[in-house]
Structure formats: structure tokens, C-alpha cells
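S.K.: Dropping the sequence and predicted coords here.
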Amino acid sequence: MIHEQCLKMNKIKYKSAEKQLLTEAIKLLSSQTGSRVKELALPNGNEANARITIALAGVEHHFNVAIKGEIRQNQVLDLIAQFGKNKDQWLLIARYIPKPLKDNFKSLGINYLEAAGNCYIQAKGIFIYVADQKVTPTREAATGKLWNATGLKFMMAVINNPALLNASYREIATAAGIALGNIGPLLDELQQGGYTNTKGNVERLVSRDKLITRWTEMFHAIIRPKLQKGRFRFLRTENAATWQDINDTDIYWGGEPGAALLTGHITPENFTLYSGKPGNELLKLLGMVPDNNGNIVLLDKCWGTLPGAAPGTAPALLIYADLAHGLDSRNKELAERIKTTYLNGE
């Protein structure tokens with residue numbers, strides 16, 4: 001009774017949807033782990049949305065809670081700043097967190113709890129890690145076909161080259177590397193989602209920044225993990241210095257080397273490479289050897305005839321996505337420069 005009165009006396013900093021998410025998430029956490037989870041009064045002046053206590057195996061810990069819907073890459077730095085040095089006293093509760101971001105949070109020691117039940121919670125005397133719960137059907141349905149693997153390839157083509165919106169279905173399919181029968185439904189969904197409009201007889205993309213941000217997140221969550229062939233390193237130092245001299249029509253640089261070719265403002269430290277060539281052939285051609293901690297990431301080519309932004313590069317959207325996804329501020333600045341120069345819709 002006293003607990004309930006205290007909650008009423010303090011201003012609760014969440015909306016009804018956030019309240020529902022909080023209630024569902026802590027109930028699921030309790031049932032999955034056998035922990036006791038309760039909401040606490042939120043002290044005046046506390047910037048959290050809520051405050052909870054988790055008791056497990058005789059240990060109890062209080063957490064400030066930040067409640068979010070879907071976590072986007074562009075929110076990560078703000079969350080790190082919000083949690084600060086006291087990150088073990090914070091818990092992020094979200095409707096959905098893309099797997100790459102969950103991995104980032106775990107490596108940074110940021111506690112999170114997803115509506116599906118996946119979580120990483122580590123504080124003094126408490127450690128809970130759940131990573132095998134499927135995303136809820138409600139959340140999956142919200143993404144639509146536009147945001148599955150085929151749709152993302154289609155989106156990569158039209159974001160890189162908006163003129164394709166006014167091309168034949170066959171041209172779009174060939175550029176994206178997907179079956180012809182997908183194009184009509186995907187164009188319809190793009191229009192119904194409010195991502196295009198028509199001026200005269202010309203179809204145009206709108207909300208480009210929103211599309212690019214969303215595409216980047218979904219690419220890293222859905223497509224990229226399936227593309228990665230492994231990590232490697234150059235066998236000799238001179239190979240790293242002469243990477244630009246490699247002349248092959250089926251090698252496409254993304255990430256830092258792609259940015260180097262487009263802007264000239266970076267000397268790559270980490271290499272991202274897309275190719276349709278067999279792995280053994282690439283190892284010999286590039287002078288690479290397998291290394292789980294290597295600075296070269298090799299990925300399968302995931303588009304059709306869509307050209308790169310410059311000879312030897314992957315499409316500009318891929319280079320942007322490679323750079324924007326991490327936490328390196330220099331790479332984020334380069335990503336914005338590439339977006340402005342190569343993804344401005346002209």
C-alpha cells in the first residue's frame with residue numbers, strides 16, 4: 001500500500017504505451033529467470049522514465065529505466081551519454097533492438113531488456129543473459145516485405161538510383177539482383193508507405209533520410225550477417241599499402257576503403273570488401289590469410305548490376321551503412337559526407 005502511494009505521489013515519466021511495454025517486459029523477465037521485479041517510486045529530479053528493482057538469488061539491485069520503442073543506430077551515442085559512468089545502474093527497455101546493436105550494448109556493458117525477453121543485465125551480484133528468444137509476431141509483421149532481404153535489395157537499388165522508380169520492372173530487378181515478380185508489390189508497398197510521390201509523370205523518393213536510416217539498421221540486422229564470409233588480414237605489410245592497385249571487376253570496396261576512394265579523406269585501418277568470387281581465389285589475389293581478429297571483413301556481393309559510386313567501390317548506400325553503423329565519430333562524419341554527395345536523390 002505504501003509502495004503504491006509513493007508511486008502516485010511521484011511523477012511517472014512515461015506514456016501509456018511505455019507503461020504497457022514496461023509492465024510486459026518486467027513480467028516476462030520475472031517468469032523467464034525466476035527473479036522478482038518490482039517498479040519503484042521515481043525520485044524527483046531523476047531523468048529516468050521509471051525505476052525498478054530486480055532481486056535474484058538473494059541479491060537485489062535498483063535500476064533507472066530508459067524506455068524506448070525500436071532502438072536505432074543514431075540513438076546509441078545519446079544512450080551512452082545518458083547512462084554515463086553509472087551504466088550499471090541503468091536498464092534500457094525497448095520494444096525491439098537489432099541484433100548488431102544488442103552485440104554493441106553487450107560489449108559496452110550497457111544493460112538492456114527487449115520485449116521478446118532477450119536481455120543482458122549485469123550489475124553487482126546479478127548477471128542475466130538471454131539471447132534465444134524470437135522477435136514477437138507483432139513486431140515482425142510491422143516490418144512488411146519491403147524490409148525483408150528481397151525488399152532491402154530492392155530498396156538499395158532505388159535509394160542509390162532513384163531514376164529506377166521510373167524504369168521498367170526488368171531494369172529494376174536486374175539492378176537489384178532480385179526476381180522480376182517482386183517488383184510490382186514492392187513498388188506498391190513503397191508508395192503505400194508514403195516513401196514516394198508523383199510530380200507530373202515522374203515518381204520521386206521522399207523522406208530520404210528516414211529511408212536511409214531505416215535501411216541501414218535493417219541491412220545490418222537481416223542481410224549483412226548472412227553475407228559475411230569471415231575475417232582476414234594481409235599476409236604482408238606491402239599488401240595493405242597497395243590495396244588500391246588491385247584491378248578486378250568483381251571486387252568492390254565498402255566501409256573505410258570505399259570512403260577513401262570516394263573522398264580521399266581517410267587512410268583505411270579496417271577493410272570491408274564485397275565480392276562474388278570464391279574465397280580461395282580472393283585470398284590469393286589479395287594476399288590475405290584467415291584471422292578471427294583480422295582487420296579485413298569479406299562479404300558476398302548482394303546486388304545485381306547496380307554500379308558503384310566510383311570504379312572499384314560498392315554502391316554508395318552500402319559504404320554509408322558500413323561507416324554509419326559503428327561508433328567511430330570519424331567514420332560517421334564520412335558517412336554523412338557520402339550521403340550528402342552521393343545519396344541526395346539527384
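M.R.: Cool, got the structure.
S.K.: In the chain, spot the helix with the most residues.
M.R.: The single longest helix within the chain, with elements called by DSSP state H, is helix 16-33.
S.K.: Buried residues of whichever helix or strand comes after that one, list them for me.
M.R.: On the C-terminal side of helix 16-33, the nearest following helix or strand under DSSP states H and E is strand 36-40. Buried residues in strand 36-40, defined by neighbour count with 16 or more other C-beta atoms under 10 Å: 37, 39-40. C-betas here are computed from N, CA, C, even on glycine.
S.K.: ditto for stretch 182-200
M.R.: 182-183, 186-187, 189-190, 195-196.
S.K.: now the strands for this protein?
M.R.: 36-40, 50-56, 59-70, 90-96, 112-114, 119-123, 126-130, 196-199, 202-205, 228-234, 251-254, 271-275, 288-290, 296-300 (DSSP state E).
S.K.: Please report how far Phe271 lies from Leu261.
M.R.: 12 Å (C-beta to C-beta, to the nearest Å).
S.K.: whoops, Leu343 was the one
M.R.: Counting by C-beta to C-beta, the gap from Leu343 to Leu261 is 16 Å.
S.K.: And Gly326, by the same measure?
M.R.: Distance from Gly326 to Leu261, by C-beta to C-beta: 19 Å.
S.K.: more crowded one of the two?
M.R.: More crowded of Gly326 and Leu261, by other C-beta atoms under 10 Å: Leu261, with 20 against 17.
S.K.: related to what we said a few turns ago, which neighbours do Phe271 and Leu261 have in common?
M.R.: Trp253 (C-beta atoms under 8 Å, 6 or more residues apart in numbering).
S.K.: Lowest mean pLDDT among the helices and strands of the protein, which one is it?
M.R.: The helix or strand of the chain with the poorest confidence is helix 2-9; it has a mean of 40 (mean pLDDT, DSSP states H and E).
S.K.: ok, for Asp300, nearest residue in space, not its chain neighbours?
M.R.: Leu227 (4.6 Å; C-beta to C-beta, 6 or more residues apart in numbering).
S.K.: Let me see the contact set for the one you found.
M.R.: 274, 299-300, 302.
S.K.: If burial is judged by neighbour count, which of the residues you listed pass?
M.R.: 274, 299, 302.
S.K.: Identify the residue nearest the last one in space, chain neighbours excluded?
M.R.: Here the nearest residue to Cys302 in space, its sequence neighbours aside, is Leu227; by C-beta to C-beta, 6+ apart that works out to 5.7 Å.
S.K.: Looks like Leu306 contacts Ala175 (just checking).
M.R.: Yes - between Leu306 and Ala175 there is a contact at 4.5 Å, judged by C-beta atoms under 8 Å.
S.K.: shared neighbours, the two?
M.R.: 157, 161.
S.K.: quick one: contacts for the residue nearest the centre of the chain?
M.R.: Computing the C-alpha centroid of the chain and ranking residues by C-alpha atoms, centre = their mean puts Glu217 first, at 3.0 Å. Glu217 makes contact with 72-73, 98, according to C-beta under 8 Å, 6+ apart.
S.K.: for the record, mean pLDDT for stretch 338-346?
M.R.: The average pLDDT within stretch 338-346 is 84.
S.K.: bridging residues for Tyr274?
M.R.: Tyr274 forms beta bridges with Tyr252, Leu299, as assigned by DSSP bridges.
S.K.: Report the backbone C-alpha coordinates of the longest helix of the chain in PDB.
M.R.: Output of helix 16-33 as PDB, limited to C-alpha atoms (Å, rounded to 0.1, in the frame of the first residue of the first chain):
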ATOM      1  CA  SER A  16       0.600   4.700 -21.600                       C
ATOM      2  CA  ALA A  17       2.400   2.700 -24.400                       C
ATOM      3  CA  GLU A  18       5.600   2.900 -22.500                       C
ATOM      4  CA  LYS A  19       3.800   1.800 -19.300                       C
ATOM      5  CA  GLN A  20       2.500  -1.200 -21.200                       C
ATOM      6  CA  LEU A  21       5.900  -2.100 -22.500                       C
ATOM      7  CA  LEU A  22       7.500  -1.700 -19.000                       C
ATOM      8  CA  THR A  23       4.800  -4.000 -17.500                       C
ATOM      9  CA  GLU A  24       5.100  -6.700 -20.200                       C
ATOM     10  CA  ALA A  25       8.900  -6.700 -20.200                       C
ATOM     11  CA  ILE A  26       9.400  -7.000 -16.400                       C
ATOM     12  CA  LYS A  27       6.700  -9.600 -16.200                       C
ATOM     13  CA  LEU A  28       8.400 -11.700 -18.900                       C
ATOM     14  CA  LEU A  29      11.800 -11.200 -17.200                       C
ATOM     15  CA  SER A  30      10.500 -12.400 -13.900                       C
ATOM     16  CA  SER A  31       8.800 -15.500 -15.500                       C
ATOM     17  CA  GLN A  32      11.900 -16.400 -17.600                       C
ATOM     18  CA  THR A  33      14.500 -16.000 -14.900                       C
END
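S.K.: Surely Leu298 and Lys229 touch.
M.R.: Yes - counting by C-beta under 8 Å, Leu298 touches Lys229, with 4.4 Å between them.
S.K.: For those two, indicate the residue with more neighbours.
M.R.: For the pair Leu298 and Lys229, the greater number of neighbours falls to Leu298 (23 against 15), based on other C-beta under 10 Å.
S.K.: Fine by me, we can end here.
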